[in-house]
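Colleague: here is the input, now give the coordinates:
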Amino acid sequence: MFLKNKNTVGLSLVALLFCVPAIATPITYTFTTGLFGGEQPGYASPALYGIISADAYVSGSFTYDSERSVQGLAPPQNSSGPTGLNYQAFDNIQGTLYLGGSSYAFGSPTGVVGVHNDGYDHYNEYSDLDVMLVTVGPPFAPMSSGFTLGNLSLHSMEMRWTEQLIGGAADFLTSNALPGTLPTFAGRLGIGFQAPNSQWWQGEYATFEGFTVTVASVPEPATEMLFLSGLIFLFSSRRFRKRSY
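Modeller: Residues are numbered from 1 along each chain as shown. Model (predicted):
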């Protein structure tokens, strides 16, 4: 009788383990760009000429969780894709601009992201291409910390992956849903500055090519482990009680 009960509990344990859904966990990424004056040079607005030097680059980190996104707002006016802006998928965004031997740190608790599968058309710039665009800055995700260069203050950052742009993968999106992991090919990173008394949409910009992200850490699925431990404990307790009679 005990053998029958033990087998029943064991089989139930195995069945339950197969029924436990995979639990998405946030992934921490680090990122870096190429040199502003490197093999693939960047671009700067006239107001930044002589400020963003050839040796400048940007690096940092953030956390990404595709399952934690909250979608809001209507589709962007200049986007033919049926997606809105996704919140909370990116958080704890920290970056540093390295410039002429000095470093300038910035950060934001979150960013907003748009995913455009075969449907991004921003002033006909990337018509019918896959684009994933992360924006940090006003009006939806303002910077929490920044710096100034002369009379210009940092106010935004943009991370962009575009199909077939400077080595970008062809057709890397399959839908407008957030991908489980971020693209591995090089994208483009931009930082925006404002002069005093500017409106939030006005600014001066510098872009860096060779933007890449690397997985830094993936937390263990602790909930599944606790669930498994509890089942093993129940199984062991039942076996001990049977032997005691």
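Colleague: from here on, just use CA atoms for contacts and neighbour counts.
Modeller: OK.
Colleague: please work out the average pLDDT along stretch 25-33.
Modeller: Stretch 25-33 shows a mean pLDDT of 94.
Colleague: tell me the first helix or strand C-terminal of the helix or strand of the chain with the lowest mean pLDDT.
Modeller: One helix or strand of the chain scores below all others by mean pLDDT, DSSP states H and E: helix 2-19, with a mean of 46. Counting by DSSP states H and E, the element after helix 2-19 in chain order, helix or strand, is strand 27-32.
Colleague: who does that following strand pair up with?
Modeller: Each strand that pairs with strand 27-32, with its direction, by DSSP bridges: strand 57-64 (antiparallel), strand 204-217 (antiparallel).
Colleague: turn these into JSON lines, columns for distance to Leu149 and mean neighbour count.
Modeller: Shown next, in JSON lines, are those (distance: least, Cα to Cα, whole Å; neighbours: other Cα atoms under 10 Å):
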{"stretch": "strand 57-64", "distance to Leu149": "15", "mean neighbour count": "22"}
{"stretch": "strand 204-217", "distance to Leu149": "12", "mean neighbour count": "20"}
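Colleague: for Gly50, find the nearest of those strands.
Modeller: Gly50 lies closest, by Cα to Cα, to one member of the strands paired with strand 27-32: strand 204-217, at 11.8 Å.
Colleague: how about residues contacting the closest one?
Modeller: 27-36, 40-48, 52, 57-58, 182-194 (Cα atoms under 8 Å, 6 or more residues apart in numbering).
Colleague: any quick ChimeraX command for the buried ones out of those residues?
Modeller: Remark: buried members of the contacts of strand 204-217, expressed as a ChimeraX selection using 16 or more other Cα atoms under 10 Å:
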select :27,28,29,30,31,32,33,34,35,36,42,43,44,48,52,57,58,182,183,185,186,187,188,189,190,191,192,193,194
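Colleague: how deep is Asn117 tucked in, by neighbour count?
Modeller: For Asn117, the count of nearby residues is 23 (other Cα atoms under 10 Å).
Colleague: same check on Met132?
Modeller: Neighbours of Met132 (other Cα under 10 Å): 24.
Colleague: for Val131, same thing?
Modeller: Residues near Val131, counting by other Cα under 10 Å: 26.
Colleague: surely it meets Glu163?
Modeller: Yes: contact criterion Cα atoms under 8 Å: Val131 and Glu163 qualify, at 6.3 Å.
Colleague: and the strands paired with strand 27-32 as JSON lines, adding distance to Asp118?
Modeller: JSON lines is the format used below for these (distance: least, Cα to Cα, whole Å):
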{"stretch": "strand 57-64", "distance to Asp118": "23"}
{"stretch": "strand 204-217", "distance to Asp118": "22"}
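Colleague: so which of the ones you listed gets nearest Gln94?
Modeller: strand 57-64 (5.4 Å).
Colleague: list the contacts of the closest one.
Modeller: 26-36, 89-99, 208.
Colleague: of all the strands paired with strand 27-32, which one comes closest to Gly150?
Modeller: Counting by Cα to Cα, Gly150 lies closest to strand 204-217 out of those; the figure is 12.7 Å.
Colleague: just the CA trace of the closest one, in CSV.
Modeller: Only the C-alpha atoms of strand 204-217 are listed here, as CSV (Å, rounded to 0.1, in the frame of the first residue of the first chain):
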residue,chain,number,x,y,z
GLU,A,204,20.5,69.6,-29.9
TYR,A,205,21.5,66.1,-30.6
ALA,A,206,24.5,63.8,-31.0
THR,A,207,24.3,60.2,-32.3
PHE,A,208,26.7,57.3,-31.8
GLU,A,209,26.9,54.3,-34.1
GLY,A,210,28.0,50.8,-33.0
PHE,A,211,25.5,50.7,-30.1
THR,A,212,25.5,47.2,-28.7
VAL,A,213,24.0,45.5,-25.6
THR,A,214,25.3,42.5,-23.6
VAL,A,215,23.6,40.3,-21.0
ALA,A,216,25.1,41.0,-17.6
SER,A,217,22.9,38.8,-15.4
